[in-house]
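K.L.:
Any chance you can model this:
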Amino acid sequence: MSALFSFRSMLQVILLLICSSTYIHCQWPSLLDRYKNHSTLGAFWKMARIGERASPYVSLACIAMAISQFNE
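P.N.:
Model prediction:
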């Protein structure tokens with residue numbers, strides 16, 4: 001089933017995008033900062049900001065997602 005039709009898969013994709021964007025922004029800040037005001041690519045900068053500011057909640061969500069994957 002595609003991630004568009006499964007709510008759980010869609011949450012997993014969004015969580016992975018947040019984690020990936022945060023990692024990329026920590027390693028190469030100028031890569032995402034140059035597209036900050038761009039409409040489409042600015043979403044990755046926004047996801048990186050969510051990952052930086054809400055990192056305890058994002059990490060708990062990653063742990064919960066990993067545990068739920070083991071239970072399948």
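K.L.:
show me where pLDDT drops low in this protein?
P.N.:
Applying pLDDT under 70 to the predicted model, the residue ranges of the chain that meet it are 1-4, 72.
K.L.:
Quick one: residues contacting the residue sitting nearest the centre point of it.
P.N.:
When C-alpha atoms, centre = their mean is applied to the chain, the residue found nearest the centroid is residue 18 (1.3 Å). Contacts were defined as C-beta atoms under 8 Å, 6 or more residues apart in numbering; by that measure residue 18 touches 47-48, 50-51, 58. To be clear about C-beta, it is placed using only N, CA and C from the backbone, and glycine gets the same treatment.
K.L.:
Now do the buried residues in the longest helix anywhere in the chain.
P.N.:
Ranked by residue count and defined by DSSP state H, the top helix of the chain is helix 7-27. Residues of helix 7-27 classed as buried: 12, 15, 17-19, 21-22, 24-25 (neighbour count, 16 or more other C-beta atoms under 10 Å).
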